Structure formats: C-alpha cells, structure tokens
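Novice: Here is a sequence together with a model predicted from it:
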Amino acid sequence: MKHPYLTEEHSIFRQALRKFLQKEAYPYYEEWEHNRIVPRSFWEKMGKQGFLCPDLEEEYGGSGVDWGFSVIINEELERVGSGLIGIGLHNDIVVPYISEYGTNEQKKKWLPLCASGKMITAIAMTEPGAGSDLAAIKTTALPGGDHYIVNGQKTFITNGIHGDLVIVAVKTDLSSKPPYKGVSLLAIERDTPGFSRGRKLDKIGLHCQDTAELIFEDCKVPKENLIGEEGNGFRYLMNKLQQERLIVAIAAQTASEEMFSLTMEYVKSRQAFGRPVSQFQNTQFKMAEMATDIEMGRAFLDGLIAEHMHGMDVVTKVSMAKYKLTEMARHIATDCMQLHGGYGYMEEYPIARRYRDIPVASIYAGTNEIMKVIIAKNLGL
C-alpha cells in the first residue's frame with residue numbers, strides 16, 4: 001500500500017527492515033512469546049542496523065531522518081507481532097522526552113546508548129490508584145540536598161523489566177493548585193539506590209512484551225536527572241501523548257490489515273459443504289465489511305500522519321484515530337476468528353494470538369473513553 005508521505009528512500013528502508021526481520025524476528029517470535037520476553041540481543045541488532053531512534057541527529061547516534069521512517073518501523077514490527085510495541089515506545093514515545101526537553105548533558109549521556117540498543121527506556125505514569133487521571137499520581141520526589149528522594153509505585157510499565165532508563169512522573173509539589181502543576185519528570189537509571197522491580201506481570205496477550213511493576217523506596221535521584229523544568233511534567237506529557245496515541249493507531253491499523261490478509265487466505269483454502277468458505281454469502285459480506293473499514297481507516301490515518309509530520313495540531317484527530325482504529329481492530333479480530341471456525345481458537349493459528357493481543361490497545365495510552373472526552377471537549381461540548 002502506497003502512503004502519500006513516503007518516498008523511494010522510505011521504500012528502500014522498508015525492504016531492508018523486512019529483510020532484517022525475516023532473519024532476526026519472524027523465526028524466533030514464538031520462542032519469545034513462550035519465554036515472555038524479547039531478548040536484549042534483538043534490541044542491539046536493531047540498533048546496529050539503524051532501526052532504533054532513526055530521527056535522532058547523527059551526533060546522538062541517529063540518522064537525522066523524518067518521522068516517516070519511524071512509521072515504517074512501527075508498521076513492520078506490528079506485522080511480526082504486537083509484542084514488539086516496546087520498541088516503538090522506546091523510539092517514539094520515551095526518547096523524544098530526552099531529545100526535546102533534556103539538557104545537552106543528558107542528551108550526550110543517554111541518547112547514543114538509546115540509539116545503539118544498549119540502553120532500553122520506559123516511561124512510568126500509571127500507578128495502582130491512578131491511570132488516565134495523571135494529575136492524581138501519588139509518587140513523590142521531595143528535595144534532599146542535591147538529590148530528589150522518590151517514594152511510590154508504578155504499574156503496567158512497558159519495558160519495565162528491560163528498562164535501563166525510566167522517565168518517571170512524580171509529584172514535586174504536593175500543595176499545588178490545580179494538582180497537575182505539581183507534576184515533574186525524572187529520569188531514573190537502573191542501578192539507582194532505592195529503585196527496584198516488582199512483579200513481571202502476566203498478561204492475557206502481548207506475552208513477549210515485558211510489563212512490570214516499579215518500586216521506589218527512598219530512591220535517591222540526582223537533581224540533574226530532572227527532565228525539563230520542575231512543575232512542567234504534566235504539560236510535557238500532554239504534548240507527547242499526541243504521538244504516543246498515533247503510534248497506537250498505526251499499530252491497530254496494521255494489525256487489522258494483517259488479520260484481514262490471514263483470513264482472506266484461510267477462507268479461500270478452507271472447504272465446507274464441498275466448496276471454499278469464501279463462496280458463502282455471509283463470508284463475502286463479512287470480508288466486504290472489513291475491507292471497507294480498513295480502507296477508510298487507512299485513508300484517515302495516512303492523512304493524519306502527514307499532518308503530524310508537518311507539525312500541525314492534530315490532537316482531536318489523533319484521539320479519533322486512536323479510539324476508532326483500536327475499536328475496529330477488536331471487531332476485526334472477533335470476525336476473523338469466527339471465520340476461521342474451530343481452528344481460529346487454536347494456538348497454532350496466528351489469528352488466536354492477534355485476538356488476545358489487540359483488546360488492550362483500547363486501554364493504554366489513554367482509554368477510548370478518555371479519547372471521547374477529548375473529542376467532545378474539542379467540539380465545544
């Protein structure tokens with residue numbers, strides 16, 4: 001499928017990435033699912049080939065290219081499996097906090113390691129008692145000489161086990177009114193005293209994507225690890241959530257395309273009552289409905305990506321895409337499994353994994369209910 005924002009150079013890059021993934025990812029993906037983690041060696045191979053943080057400037061280990069290259073990476077990783085979303089989070093969600101809001105010293109220290117795959121990043125916002133309501137976080141970072149003393153707990157953290165550098169949303173001002181003005185961002189490194197991992201969480205799907213609890217007990221973080229300015233953390237989070245939600249929409253659209261392709265192949269080859277399943281009217285109607293939804297989703301998404309790459313404010317459209325495309329993917333997963341019949345419920349068929357993996361996309365990066373709140377507010381309601 002030709003995207004309007006991509007050039008021949010992007011196409012060459014996609015072919016190189018596909019060749020790499022055919023060798024280094026597809027043969028091992030089921031093993032990673034079984035082991036419940038993507039090995040660090042794969043991250044380093046990605047970095048060595050220039051598939052991590054490509055939009056970083058060359059001085060920091062990137063290629064200085066446009067965001068279209070990141071779109072390609074997210075699409076091709078999703079084609080392998082949804083469990084690779086941690087790489088997109090690293091490339092396009094966490095690292096941009098450092099590249100945009102970090103000091104020169106922070107950039108020089110961390111970004112080359114991020115681009116090489118030697119440093120894996122995570123972002124810690126969600127807490128046991130605070131999800132979409134980020135202003136309600138309880139994790140505190142209070143002054144202690146030339147350090148912040150951090151106490152609290154985070155949960156559902158993508159890359160939580162592998163994470164070497166975690167951007168943590170904390171409260172640095174407990175009395176601020178409104179509360180969101182007391183939120184700041186701290187970069188906390190793996191070996192920081194008082195920082196530990198809790199459970200590696202066992203999820204319904206996304207089995208190879210490591211998700212964990214993080215615990216901070218009198219954790220001493222140097223003040224120079226503050227990202228940007230104290231008290232501006234909530235604003236930074238809101239600014240970057242636009243791209244995070246766009247990444248989720250891209251993954252959902254790609255997953256829908258993959259599930260449709262798998263099912264098209266299956267219904268043409270599967271025989272029932274002496275003819276291919278594809279010849280039954282119900283099958284044809286279901287496939288027609290899904291094909292239409294996918295085409296409309298792709299057209300909207302491609303236009304949205306182009307606008308985002310041009311620096312336009314697309315908060316409302318991003319919220320629409322994140323909500324609509326993740327819901328579409330859930331419905332397509334259900335319909336595709338049904339068209340596979342009993343075989344669709346078998347682990348050996350990829351549609352079973354897709355069926356497990358896709359529902360959480362409507363929850364993370366802000367629930368779809370929150371997306372509707374944002375849309376309604378921006379409509380003037």
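Specialist: Done, it's in. Residues are numbered from 1 along each chain as shown.

Novice: for Gly311, phi and psi?
Specialist: Dihedral angles phi and psi of Gly311 (degrees, to the nearest 10) take the values phi 80, psi 20.

Novice: Sorry, wrong one. I was asking about Lys200.
Specialist: Backbone geometry at Lys200, expressed as degrees, to the nearest 10, gives phi -90, psi 110.

Novice: What about it, how many residues nearby?
Specialist: Applying other CB atoms under 10 Å, we find 14 residues neighbouring Lys200. (Glycine included, C-beta is placed from N, CA and C.)

Novice: isn't it right next to Ala212, touching?
Specialist: Yes - applying CB atoms under 8 Å, one finds Lys200 in contact with Ala212, separated by 5.2 Å.

Novice: which residues are in contact with both of those two?
Specialist: Contact criterion CB atoms under 8 Å, 6 or more residues apart in numbering; residues shared by Lys200 and Ala212: Gly160, Ile161.

Novice: same question for stretch 290-310, mean pLDDT?
Specialist: The average pLDDT for stretch 290-310 rounds to 96.

Novice: Need the contact partners of that stretch.
Specialist: Around stretch 290-310, the neighbours that count as contacts under CB under 8 Å, 6+ apart are 1, 3-5, 66-68, 71, 242-243, 246, 249-250, 253, 256-257, 260, 263, 314, 317-318, 320-321, 324-325, 328, 331-332, 335-336.

Novice: Drop anything exposed from those residues.
Specialist: Among the contacts of stretch 290-310, the ones that count as buried by 16 or more other CB atoms under 10 Å are 3, 5, 66-68, 71, 242-243, 246, 249-250, 253, 256-257, 260, 263, 314, 317-318, 320-321, 324-325, 328, 332, 335-336.

Novice: Look up which helix or strand Glu230 falls in, please.
Specialist: Assigned by DSSP states H and E, Glu230 falls within no helix or strand.

Novice: Can you check which helix is longest in this structure?
Specialist: helix 233-269 (DSSP state H).

Novice: how far does that helix sit from the chain's center?
Specialist: The chain centre lies 9 Å from the centre of helix 233-269; the measure is CA atoms, centre = their mean, to the nearest Å.

Novice: for it, which positions count as buried?
Specialist: The neighbour-count check on helix 233-269 (16+ other CB under 10 Å) flags 233-234, 236-237, 240-260, 262-264, 266-267 as buried.

Novice: Strands along the stretch 51-200 of the chain, start to end?
Specialist: Assigned by DSSP state E, counting those that start in this stretch, the strands in the stretch 51-200 of the chain fall at 121-124, 140-144, 147-158, 165-171, 183-189, 195-200.

Novice: how about TSV for those strands, with distance to Cys208 and mean pLDDT added?
Specialist: Putting these into TSV (distance: least, CB to CB, whole Å; pLDDT from 0 to 100) gives the following:
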stretch	distance to Cys208	mean pLDDT
strand 121-124	16	97
strand 140-144	32	94
strand 147-158	12	97
strand 165-171	20	97
strand 183-189	25	97
strand 195-200	12	94
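
Novice: Quick one: closest of these to Phe285.
Specialist: With distances scored as CB to CB, the stretch of those nearest to Phe285 is strand 147-158 (37.5 Å).

Novice: Quick one: work out the angle between that closest one and strand 165-171.
Specialist: 110 degrees (axes from the mean of the first three to the mean of the last three CA atoms, to 10 degrees).

Novice: how far does strand 147-158 sit from the chain's center?
Specialist: 20 Å.

Novice: likewise stretch 184-202?
Specialist: 19 Å.

Novice: Endpoint to endpoint, that stretch covers what distance?
Specialist: By CA to CA, to the nearest Å, the extent of stretch 184-202 from end to end equals 30 Å.

Novice: buried residues in it?
Specialist: Neighbour-count burial for stretch 184-202, with 16+ other CB under 10 Å as criterion, is recorded at Ser184, Leu185, Leu186, Ala187, Ile188, Glu189, Thr192, Phe195.

Novice: Ala288: neighbouring residues, count only.
Specialist: Ala288: 10 neighbours (other CB under 10 Å).

Novice: Sticking with it, tell me its helix or strand.
Specialist: Going by DSSP H and E, Ala288 is in helix 281-309.

Novice: With Met337 instead?
Specialist: Taking DSSP H and E as the definition, one finds Met337 inside helix 315-340.

Novice: Got phi/psi on Asp118?
Specialist: No, residue 118 isn't Asp; it's Lys. As for Lys118, its main-chain torsions (degrees, to the nearest 10) stand at phi -80, psi -20.

Novice: Throw the strands of the stretch 51-200 of the chain into a markdown table and include distance to Lys107, thanks.
Specialist: Shown next, in a markdown table, are the strands of the stretch 51-200 of the chain (distance: least, CB to CB, whole Å):
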| stretch | distance to Lys107 |
| --- | --- |
| strand 121-124 | 13 |
| strand 140-144 | 22 |
| strand 147-158 | 20 |
| strand 165-171 | 12 |
| strand 183-189 | 11 |
| strand 195-200 | 22 |
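
Novice: what about the residue with the largest distance to the centre of the chain, distance to Ser70?
Specialist: Distance from the centre of the chain peaks at Gly274, with 43.9 Å (CA atoms, centre = their mean). Gly274 is 49 Å from Ser70, where distance means CB to CB, to the nearest Å.
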